[in-house]
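J.: test case, fold it:
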Amino acid sequence: MTALIVTLLVLASGSVHAAGRARTLGVGCFALGIGLKFGGVVVGTGAAETYDDYLLTADRARLTALREDFRSERRLGRGLSGAGNGLLVAGVLFATLSLLRDSSDASEQLAHAPPISLTHDRARRELGVLWRHGF
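T.: Got it, this is the predicted structure:
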């Protein structure tokens, strides 16, 4: 998995157009996120099976071992699922960035203005995102 992440970063830092890099990172992060979510489900299923064994065991030493196995598998499953969620969000954000750059390149009149800007109102404690897109 680490090798895949490094490969994605190397591809993204090449001399390819910025929108292409964002698209490549978006697809890569999304694919990794799906893989990690799937891994979280598999490990979570294993944790459920370990818990079922825990409920059916009467041996005191085995109970302790099964309880610890269940807890570690559950933590691992939740961690994988959380990392998958983060990579899914990163993939969506990179894909959105790619689309925004494509739309800003196509629109000549908005070429000088940034397509996304942050707005804030301190009195109302609001933070907003303004997206300028020409049709």
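
J.: excluding chain neighbours, what is closest to Gly128?
T.: Excluding the flanking residues, the one nearest Gly128 by Cβ to Cβ, 6 or more residues apart in numbering is Thr119, at 4.3 Å. C-beta here means a position set from N, CA and C on the backbone, and glycine is covered the same way.

J.: same check on Leu66?
T.: Nearest non-adjacent residue to Leu66, counting by Cβ to Cβ, 6+ apart: Tyr54, 4.1 Å away.

J.: does the one you found really touch Phe70, like I thought?
T.: Yes: under the criterion of Cβ atoms under 8 Å, Tyr54 is in contact with Phe70, at a separation of 6.0 Å.

J.: sorry, back to before: following the helix or strand that contains the residue nearest to Gly128, which helix or strand shows up next?
T.: Thr119 belongs to strand 116-121 when assigned by DSSP states H and E. Using DSSP H and E, the next helix or strand after strand 116-121 towards the C-terminus is strand 126-131.

J.: count the residues that sit near Arg71.
T.: The local packing of Arg71 (other Cβ atoms under 10 Å) involves 13 other residues.

J.: helices or strands next to the helix or strand containing it in the packing?
T.: Per DSSP H and E: Arg71 is located in helix 60-106. Under the contact definition 3 or more Cβ pairs under 8 Å, 6 or more residues apart in numbering; DSSP states H and E, helix 60-106 sits against helix 18-56.

J.: show me what the helix it packs on is packed against.
T.: helix 2-12, helix 60-106.

J.: ok, now how distant is the nearest residue to Arg67 once chain neighbours are set aside from Arg60?
T.: Using Cβ to Cβ, 6+ apart and skipping residues adjacent in sequence, the residue nearest Arg67 is Tyr54, 6.0 Å away. Here Tyr54 is placed at a distance of 12 Å from Arg60 (Cβ to Cβ, to the nearest Å).
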